[in-house]
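Participant: let me see the structure of the following:
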Amino acid sequence: MIYPETDSEAGSTSPLPWYTRPAARAWTCAPPPADAQHFHTSLPEYAPTPLHELPFLAREFTVARVFVKDESTRLGLPAFKALGASWAIHRILAREPNGGRDTGDRPVRLVTATDGNHGRAVARSARRLGRQAHVFVPDGVHPAAVAAIEREGAEVTTVAGPYDAAVRAARAAAEAPDAVLVQDMAWDGYEEIPAWIVAGYATLFAEVDAQLDAAGAQSPSLVAVPVGVGSLAQAAVTHYRGGRTAGSAPGEAPARGAHRPGRRRAPHLSGDRPRGDPRTHQHRGHRRQSTAASPMISGRCGSSK
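Facilitator: Below you'll find the model as predicted:
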């Protein structure tokens, strides 16, 4: 469905496409396990991130209440990616001999590709655990982001080309016997570790449930999440389709709006007619080819009929 809106940047009316799938409200899937949240709460640096209420936006959108989850400080890093990376690495090392303790017999080098936050999160977890990290970045990543990853003690390799070229380079490097790929996107034959990353994000949504309950708010009718490779979007689907959320009526489930930053006018909604203004500013120079959400959501969440 396409609804014309005024493009304030260009000063003209232009069509903004919205893609809706009302039948997705009937999707169901297994709820996420609670073990990731238990792991995160055991970390010394853990604290729930704030949930801010924005009454001025509620008035603008003519809805009852609007809340925004603030992930600017998560486990000491400025992004939610630390949740997925830390949990996945914990699971990876737990299956190693001696429970992942570094005895020197088989050092594990953690390899990933990134255009910023995920790579830094992998590097931070590696440093915390005394492991090596090798991070591949596309050549358009800002030098400040590269420097932040290097400050975590990781080896950083810049790859000529877009994000997907960096992923290919990381996959090749991870073929080494001492290396493990920790990537937040999936493809055929590589799904287990991306699924662990998605499971790590369940902590964020569990916090939201508790914070909404403390604020006297009902379960949300719309959840909007940013989409890069799709892992956070899958975590949102799994959480809200994995069981009745506190404060919701039986059979109720919120719509989910998913905005892909690299394509400024292609938000996606699983509910009915969307509301609000989807316009945003593109902030990445690289377009990604595939998402983790597509194959994994379709395999784990589907119609209840």
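Participant: the stretch 151-300 of the chain: helices as residue ranges?
Facilitator: Under the criterion DSSP state H, counting those that start in this stretch, the stretch 151-300 of the chain contains helices at 163-173, 192-200, 202-214, 231-241, 293-300.
Participant: how about CSV for these, with mean pLDDT and distance to Ala24 added?
Facilitator: Using the backbone N, CA and C atoms, a C-beta is placed for each residue, glycine as well. Below are those laid out as CSV (pLDDT from 0 to 100; distance: least, C-beta to C-beta, whole Å):
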stretch, mean pLDDT, distance to Ala24
helix 163-173, 97, 27
helix 192-200, 96, 18
helix 202-214, 96, 17
helix 231-241, 91, 8
helix 293-300, 45, 10
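Participant: does Val135 count as helix, strand or coil?
Facilitator: What DSSP: H, G, I helix; E, B strand; the rest coil gives for Val135 is strand.
Participant: please work out how many residues are found near it.
Facilitator: As a burial measure, Val135 scores 27 neighbours (other C-beta atoms under 10 Å).
Participant: need the per-residue pLDDT for it.
Facilitator: In this model, Val135 is scored at 98, pLDDT.
Participant: who's in contact with the closest residue to it other than its chain neighbours?
Facilitator: In this structure, Val135 finds its nearest non-sequential neighbour in Gly119, 4.1 Å apart by C-beta to C-beta, 6 or more residues apart in numbering. Gly119 sits next to 112-113, 135-137, 149, 154, 156 when contact means C-beta atoms under 8 Å, 6 or more residues apart in numbering.
Participant: if any of those are buried, put those into a PyMOL selection.
Facilitator: The buried subset of those, as determined by 16 or more other C-beta atoms under 10 Å, is captured in PyMOL by this line:
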select buried, resi 112+113+135+136+137+149+154+156
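Participant: from the contacts of Gly119, which is closest to Gly200?
Facilitator: Thr112 (14.1 Å; C-beta to C-beta).
Participant: so where is the stretch 1-150 of the chain shaky, pLDDT-wise?
Facilitator: Judged by pLDDT under 70, the stretch 1-150 of the chain has its weakly predicted residues at 1-16, 98-106.
Participant: so where do the strands sit in it?
Facilitator: Secondary structure of the stretch 1-150 of the chain (DSSP state E, counting those that start in this stretch): strands at 2-7, 12-17, 19-20, 27-29, 51-53, 67-69, 109-113, 132-138.
Participant: what residues sit buried inside the fifth one?
Facilitator: To tie it back to what came earlier, the one meant is strand 51-53. Leu51.
Participant: what packs against it?
Facilitator: The criterion is 3 or more C-beta pairs under 8 Å, 6 or more residues apart in numbering; DSSP states H and E, and the helices and strands that strand 51-53 contacts are strand 67-69, helix 202-214.
Participant: buried ones in the longest one?
Facilitator: So that's helix 202-214. Buried, per 16+ other C-beta under 10 Å, within helix 202-214: 202-209, 211-212.
Participant: could you dump those into a markdown table and include distance to Pro97?
Facilitator: Shown next, in a markdown table, are the buried residues of helix 202-214 (distance: C-beta to C-beta, whole Å):
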| residue | distance to Pro97 |
| --- | --- |
| Ala202 | 28 |
| Thr203 | 28 |
| Leu204 | 32 |
| Phe205 | 34 |
| Ala206 | 32 |
| Glu207 | 34 |
| Val208 | 38 |
| Asp209 | 37 |
| Gln211 | 40 |
| Leu212 | 43 |
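Participant: picking up where we left off before, distance check, the residue nearest to Val135 against Asp209.
Facilitator: 29 Å (C-beta to C-beta, to the nearest Å).
Participant: circling back: select, out of the helices and strands packed on strand 51-53, the one closest to Ala94.
Facilitator: Nearest of the helices and strands packed on strand 51-53 (C-beta to C-beta): helix 202-214, 17.4 Å.
Participant: re earlier: let's have the helices and strands packed on strand 51-53 in TSV, adding distance to Leu75.
Facilitator: Converted to TSV, those look like this (distance: least, C-beta to C-beta, whole Å):
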stretch	distance to Leu75
strand 67-69	15
helix 202-214	10
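Participant: now for those, which one comes closest to Ala88?
Facilitator: helix 202-214 (12.4 Å).
Participant: what helices or strands is the closest one leaning on?
Facilitator: Using 3+ C-beta pairs under 8 Å, 6+ apart, helix 202-214 is in contact with helix 35-41, strand 51-53, strand 67-69, helix 231-241.
Participant: out of the ones you listed, deepest packed?
Facilitator: Of all the helices and strands packed on helix 202-214, helix 231-241 has the most neighbours on average by mean count of other C-beta atoms under 10 Å, namely a mean of 26.
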